[in-house]
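**Student:** below is the sequence, then the predicted model.
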Amino acid sequence: MTVRATGAETEVELSVGGMTCASCAARIERKLNRMEGVTAAVNYATEKARISYGAGVTVPDLIATVEATGYTAREPSPSEDQRAEPDELRPLRDRLITAIVLSAPVVAMAMIPALQFEYWQWLSLTLAAPVVTYAAWPFHRAALTNARHGTATMDTLVSVGTTAAFLWSVWALFLGTAGTPGMTHPFEFTVARSDGAGNLYLEAAAGVTTFILAGRYFEARAKRRAGAALRALLELGAKDVTVLLPDGREETRPTAELTVGDHFLVRPGEKIATDGTVVEGSSAVDASMLTGESVPREVTAGDPVTGATVNAGGRLVVRATRVGADTQLARMARLVEDAQNGKASAQRLADRISAVFVPVVIALALATLGFWIGNGAGATAAFTAAVAVLIIACPCALGLATPTALMVGTGRGAQLGILIKGPEVLESTRRVDTVVLDKTGTVTTGRMSLVAVHSPGTDETDVLRLAGALEHASEHPIARAVADAALAELGTLPTPEDFKAVPGLGVQGMVEGHAVLAGRPRLMTDWSLPLPEPLARTLDETEATGHTAVVVAWDGEVRAVLEIADTVKETSPEAIRRLRALGLRPVLLTGDNEAVAHSVAREVGIAPDDVIAEVLPQDKVDVVKRLQSEGRSVAMVGDGVNDAAALAQADLGLAMGTGTDAAIEAGDLTLVRGDLRAAADAVRLARRTLGTIRSNLFWAFAYNVAALPLAASGLLNPMIAGAAMAFSSVFVVGNSLRLRTFRAA
């Protein structure tokens with residue numbers, strides 16, 4: 001349980017149990033918000049309630065209110081998110097396995113007359129009983145909770161239908177004629193009134209329970225991963241840190257034991273343990289994973305640094321200024337959680353329909369009972385017709401509608417490198433009209449590369465050989481870009497002599513007898529080397545585009561300007577065209593400067609007015625919120641830690657599979673290929689899968705609605721009911737299988 005004081009109010013976070021759908025979360029939220037001085041947000045995905053309350057209200061009062069609503073509330077265990085399979089998920093898995101094993105022979109015997117031996121009906125009862133009681137208990141429990149609060153959901157429909165089918169079958173076996181040895185289901189498609197004494201519906205009760213339980217289990221597994229984004233964020237930080245003691249000794253400690261004011265050592269290639277200020281040394285810090293800035297930032301004594309960023313250059317000594325929950329990484333984790341809490345969960349389509357359908361069916365069953373008794377048909381015939389109404393309403397095809405389409409759609413998506421996390425994700429895709437694109441690693445490669453060599457009057461090969469040899473000895477990310485390009489072009493490079501790195505400026509040394517300099521223009525100034533007029537213009541033009549310029553000189557003369565940049569992916573312009581074709585407006589969002597952002601936007605075809613640059617990591621989520629407040633439905637595509645909160649806040653989050661775990665876990669869809677074109681394919685596939693689910697639901701309910709008049713008239717022959725159920729299920733499965741033909745554009 002997390003408790004924080006915020007001014008006159010106190011904020012608490014509770015774990016809530018017993019929720020089966022988004023309407024449960026809404027019900028708890030309404031109850032809590034009715035308490036004086038209480039503001040609550042309940043997240044169905046994370047099963048947590050974040051509550052602000054004033055004086056006069058205590059945490060036990062809040063827990064009591066949740067429990068009075070029919071759910072449980074408790075303080076979360078610090079270790080509960082670390083379990084590979086939470087305790088609450090294991091019983092659901094056990095119920096599903098039980099249902100599959102026991103219901104398979106029940107359905108087989110009912111559908112295949114050759115399997116109906118002399119006492120087959122009694123074996124069906126024995127096998128179906130644990131399915132309808134033990135395996136279906138979550139539906140019965142939720143139905144009772146719904147009934148106490150005057151509401152109905154898919155759980156109510158499942159519970160009422162399966163219970164009616166099972167109890168009627170028990171009555172038919174013990175008090176009717178269904179228990180007669182050698183009884184078989186008459187294989188006749190006739191419409192005739194029956195007293196129902198020989199009708200069995202055990203396969204419907206067991207089959208429906210199994211299908212819907214399977215869908216619920218896989219949905220629960222996906223929901224349980226909601227907290228993984230937070231874990232992935234917090235795991236980015238360094239686990240251990242080398243602390244410098246006052247007597248000069250070094251001591252390795254867990255990062256959690258750092259306190260404000262401690263001095264700690266950061267070697268090249270290590271992560272910076274926490275937010276702090278450099279007190280000794282200079283280096284380049286690669287913060288691209290955290291901030292999205294493609295160019296490493298040079299730091300020296302007095303400069304601030306951020307925890308979880310990587311020291312790409314020299315040795316640093318840092319004084320800790322923020323630790324634990326106060327660090328920028330921890331604040332970003334809270335932003336992700338806040339975004340998940342504030343993101344309205346899409347309520348299941350079946351629940352929304354069931355809220356109207358269930359009361360109508362129950363009312364129709366009661367009306368049928370009253371009508372036939374009033375017409376003198378007898379209690380048995382009247383009750384048979386009423387129960388038939390409840391049984392035919394049992395959602396066999398409805399239970400298949402979402403899981404089958406989702407299974408086929410997600411399976412096809414996985415083949416194309418698109419991972420869809422759950423059915424609630426699909427509802428967002430149809431509404432989306434704006435797609436916000438992170439620049440670094442999404443539109444661009446996320447790596448510094450040599451894009452041009454400007455060397456008027458000098459052989460380009462000589463420039464690459466001499467500059468590349470010198471830069472190859474450096475650990476700086478920009479130096480690596482030059483060295484990699486030189487190696488790719490020439491294959492091998494000479495070994496420099498008297499190499500020296502000049503902090504913040506560049507490198508110098510001897511290569512093949514030449515005194516070579518490579519670095520910032522200021523390094524040339526320090527050596528009193530003027531830039532020729534053509535190279536001076538090139539330098540200005542390069543910096544105007546936001547690219548990084550490396551000036552190269554040897555033997556006392558400036559010879560070339562190397563242009564370094566984070567290059568646009570070859571497929572990005574085509575991806576932007578495809579997104580526009582889907583009716584989406586692309587917006588470029590980046591922490592880089594305006595010049596770089598507009599240069600990339602021009603290259604891929606994004607309008608200048610749709611470029612938002614120089615945005616801090618914690619402000620990206622605010623940009624998404626602002627677009628949403630303007631009435632836009634926003635999709636966010638990103639790959640970095642700095643994108644995680646925005647991905648969670650967006651109506652639809654698409655994470656690049658080549659990005660960080662935090663981004664992938666916070667997104668709704670994962671694009672495994674790291675190709676932006678997959679974003680357009682993902683939206684198309686998600687929209688088509690949602691359309692399939694909607695058509696499945698329509699036909700599933702259409703079957704119920706068409707058969708209900710027959711049931712109410714007392715004319716429901718069990719074979720007609722079975723055939724109708726089978727046809728509707730086959731149709732739903734066949735309709736879903738059409739998704740296998742989906743092709744990437």
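**Tutor:** Thanks, I have it. Numbers count the residues shown, from 1 in each chain.

**Student:** any idea how far the residue of the chain most remote from its centre lies from Ala367?
**Tutor:** Most distant residue from the mean C-alpha position of the chain: Gly376, 58.7 Å away (Cα atoms, centre = their mean). From Gly376 across to Ala367, the span is 17 Å (Cβ to Cβ, to the nearest Å). The way it works is simple: take the backbone N, C-alpha and C, and place the C-beta from them, glycine included.

**Student:** residues near the closest residue to Gly179 other than its chain neighbours, how many?
**Tutor:** Nearest residue to Gly179, sequence neighbours excluded (Cβ to Cβ, 6 or more residues apart in numbering): Leu173, at 4.2 Å. Neighbour count for Leu173, taken as other Cβ atoms under 10 Å: 21.

**Student:** thought Leu173 was touching Met183?
**Tutor:** No - using Cβ atoms under 8 Å, Leu173 is not in contact with Met183, being 9.3 Å away.

**Student:** pLDDT value on the residue farthest from the centre of the chain, please?
**Tutor:** We have a pLDDT of 79 for Gly376.

**Student:** repeat that for Ile720.
**Tutor:** Confidence score, pLDDT, at Ile720: 58.

**Student:** ok so, going back, how close does the residue farthest from the centre of the chain sit to Ala382?
**Tutor:** According to Cβ to Cβ, Gly376 stands 9 Å off from Ala382.

**Student:** the longest helix in the chain is where?
**Tutor:** helix 677-712 (DSSP state H).

**Student:** state whether Gly302 is indeed within a helix.
**Tutor:** No - Gly302 is assigned coil when assessed by DSSP: H, G, I helix; E, B strand; the rest coil, not a helix.

**Student:** pLDDT value on it, please?
**Tutor:** So Gly302 comes in at 90 (pLDDT).

**Student:** pretty sure it contacts Val278?
**Tutor:** Yes - counting by Cβ under 8 Å, Val278 is a contact partner of Gly302 at 6.6 Å.

**Student:** those two: which has the busier surroundings?
**Tutor:** Val278 (21 against 8).

**Student:** got the residue ranges for the helices in the stretch 151-300 of the chain?
**Tutor:** 154-174, 202-224, 228-234, 288-291 (DSSP state H, counting those that start in this stretch).

**Student:** what average pLDDT does the third one get?
**Tutor:** The reference is to helix 228-234. 55.

**Student:** same check on the second one?
**Tutor:** For helix 202-224, the mean per-residue pLDDT is 74.

**Student:** about what we covered before: which positions within the longest helix of the chain qualify as buried?
**Tutor:** 677-686, 688-690, 692-697, 699-701, 703-704, 707-708, 710-712 (16 or more other Cβ atoms under 10 Å).

**Student:** one more: stretch 584-595?
**Tutor:** Under 16+ other Cβ under 10 Å, the buried positions of stretch 584-595 are 584-592.

**Student:** now the end-to-end length of that stretch.
**Tutor:** By Cα to Cα, to the nearest Å, the extent of stretch 584-595 from end to end equals 25 Å.

**Student:** now find how far off-centre that stretch is within its chain.
**Tutor:** 22 Å (Cα atoms, centre = their mean, to the nearest Å).

**Student:** can you pull the pLDDT of the residue nearest to Gly179?
**Tutor:** Looking at Leu173, its pLDDT reads 89.

**Student:** next one: the one 3 residues further on
**Tutor:** Per-residue confidence for Gly176 comes out at a pLDDT of 79.

**Student:** quick check: phi and psi on it?
**Tutor:** phi -100, psi -150 (degrees, to the nearest 10).

**Student:** count the neighbours of it for me.
**Tutor:** Count around Gly176 with other Cβ under 10 Å applied: 21.

**Student:** any regions of the stretch 401-550 of the chain where pLDDT drops low?
**Tutor:** Along the stretch 401-550 of the chain, segments meeting pLDDT under 70 span 402-403, 421-428.

**Student:** ranges for the helices of it?
**Tutor:** 423-431, 460-472, 477-490, 521-526, 533-544.

**Student:** what about the ones you listed, which gets the closest to Val552?
**Tutor:** Closest to Val552 of the helices of the stretch 401-550 of the chain is helix 460-472 (Cβ to Cβ; 4.5 Å).

**Student:** what lies in contact with the closest one?
**Tutor:** For helix 460-472, the surrounding residues in contact (Cβ atoms under 8 Å, 6 or more residues apart in numbering) are 453, 455, 479-480, 482-483, 485-487, 489-490, 493-496, 499, 507-509, 511-512, 514, 516, 518, 550, 552, 554, 559-560, 562.

**Student:** quick one, that helix and helix 477-490 angle?
**Tutor:** 140 degrees (axes from the mean of the first three to the mean of the last three Cα atoms, to 10 degrees).

**Student:** helix 460-472: how far from the chain's middle?
**Tutor:** Offset of helix 460-472 from its chain centre (Cα atoms, centre = their mean): 45 Å.

**Student:** ok, stretch 619-631 next?
**Tutor:** Going by Cα atoms, centre = their mean, where stretch 619-631 is centred and where its chain is centred differ by 19 Å.

**Student:** buried ones in that stretch?
**Tutor:** 619-621, 623-625, 627.

**Student:** ok so, going back, compute the inter-axis angle for the longest helix of the chain and helix 154-174.
**Tutor:** Using the same axes, to 10 degrees, helix 677-712 lies at 40 degrees relative to helix 154-174.

**Student:** surely Gly591 meets Val615?
**Tutor:** Yes - look at Gly591 against Val615 with Cβ under 8 Å: they come within range, at 5.6 Å.

**Student:** between the two ends of stretch 667-680, how far is it?
**Tutor:** 15 Å.

**Student:** distance from the chain centre to stretch 483-498, please.
**Tutor:** With Cα atoms, centre = their mean, you get 43 Å for stretch 483-498.

**Student:** report the buried residues of that stretch.
**Tutor:** In stretch 483-498, counting by 16+ other Cβ under 10 Å, buried: 483-486, 493-494, 496.

**Student:** want to throw those into CSV with distance to Trp168?
**Tutor:** Shown next, in CSV, are the buried residues of stretch 483-498 (distance: Cβ to Cβ, whole Å):
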residue, distance to Trp168
Ala483, 79
Asp484, 74
Ala485, 77
Ala486, 81
Leu493, 84
Pro494, 89
Pro496, 89
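
**Student:** next, give phi and psi for Thr306.
**Tutor:** The phi/psi pair for Thr306 (degrees, to the nearest 10) is phi -110, psi 140.

**Student:** kindly report the same for Ala301.
**Tutor:** The phi/psi pair for Ala301 (degrees, to the nearest 10) is phi -50, psi 130.

**Student:** does it touch Glu280 like I think?
**Tutor:** Yes - counting by Cβ under 8 Å, Ala301 touches Glu280, with 6.2 Å between them.

**Student:** tell me where the stretch 451-600 of the chain has strands.
**Tutor:** Here the stretch 451-600 of the chain has its strands, by DSSP state E, counting those that start in this stretch, at 497-502, 506-511, 514-519, 548-554, 557-568, 585-589.

**Student:** go through the second one and flag the buried ones.
**Tutor:** When you say that, I think you mean strand 506-511. 506-509, 511.

**Student:** related to what we said a few turns ago, overlap of the contact sets of Leu173 and Met183?
**Tutor:** What both Leu173 and Met183 touch, as defined by Cβ under 8 Å, 6+ apart, is the set Gln121.

**Student:** show me the shaky parts of the stretch 101-250 of the chain.
**Tutor:** Within the stretch 101-250 of the chain, the ranges that satisfy pLDDT under 70 run 154, 185-199, 215, 218-236.

**Student:** for stretch 541-554, how far is the first residue from the last?
**Tutor:** 23 Å.

**Student:** and it, how far from the chain's centre?
**Tutor:** Using Cα atoms, centre = their mean, the distance from the centre of stretch 541-554 to the centre of the chain it belongs to is 40 Å.

**Student:** what do you get for stretch 114-122?
**Tutor:** Here stretch 114-122 is found 48 Å from its chain centre; the criterion is Cα atoms, centre = their mean.
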